[in-house]
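>>> Got a predicted model here, sequence first, then my questions.
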Amino acid sequence: MSRLNPEKLSVEFRDGVTTTDPIIPRRYTLTHSDITAELFLTIGLTYAYDKTNAMRDEVLGEWFKAMNRYFYYVYLHVDGPGAIAIRNYIFRRELPLALEAIRYGDREFFSAHPELNYAPIIVYFISTNSEFNRVENWGTFSDYDIEGPNLS
């Protein structure tokens, strides 16, 4: 079941990026408001560091190609203000929502490149603490498509 409320998602495409191209470089910065529960997705050639803050609770992602296969890399900074274990827990709890927001917010891109729905999502939990510094496979964007399976 979807957790994303599309009415709470704002999407901005920066210079050099359209709703369908390029694949690489295409970088995503997802931030949020704790007060309004709104999500803000910025898609550009570079990350939107101007949208981030000292909490470092944004979700950064980009497309990568190796051996003729696409991958989507996600970077989460687990270290930061507050207890690392709590930040790790919150990132894990909220990551499905973040991936739904990215998939939905860039849905025209996924329609133009349907093979990317099945690219592995590799998540880097970045921490100086070895217990929380991990790399994990979180499925594919087809797992986070709130509009249903892609039949193209």
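Arrived safely, thanks for sending. These figures come from a predicted structure and were not determined experimentally.

>>> close enough to count as contact, T19 and E108?
Yes - judged on CB atoms under 8 Å, T19 makes contact with E108 at a distance of 4.1 Å. Any C-beta I mention is one placed from the backbone N, CA and C, and that applies to glycine too.

>>> any idea how far P81 is from A101?
23 Å (CB to CB, to the nearest Å).

>>> Out of these two, name the residue with the larger neighbour count.
A101 (27 against 9; other CB atoms under 10 Å).

>>> Now do the same contact list for the more buried one.
By CB atoms under 8 Å, 6 or more residues apart in numbering, the residues touching A101 are 4, 9, 30, 39, 41.

>>> a strand runs through the last one, doesn't it?
This points to L41. Yes - counting by DSSP: H, G, I helix; E, B strand; the rest coil, L41 falls inside a strand.

>>> What separation do you get for L45 and S33?
From L45 across to S33, the span is 25 Å (CB to CB).

>>> Who has more neighbours out of those two?
Under the criterion of other CB under 10 Å, the comparison of L45 against S33 puts L45 first, with 13 against 10.

>>> How about the more buried one: what's its closest non-neighbour residue?
Once flanking residues are discounted, L45 sits nearest to G16: 4.5 Å by CB to CB, 6 or more residues apart in numbering.

>>> what about that neighbour, which SS state?
With three-state DSSP as the basis, G16 sits in coil.
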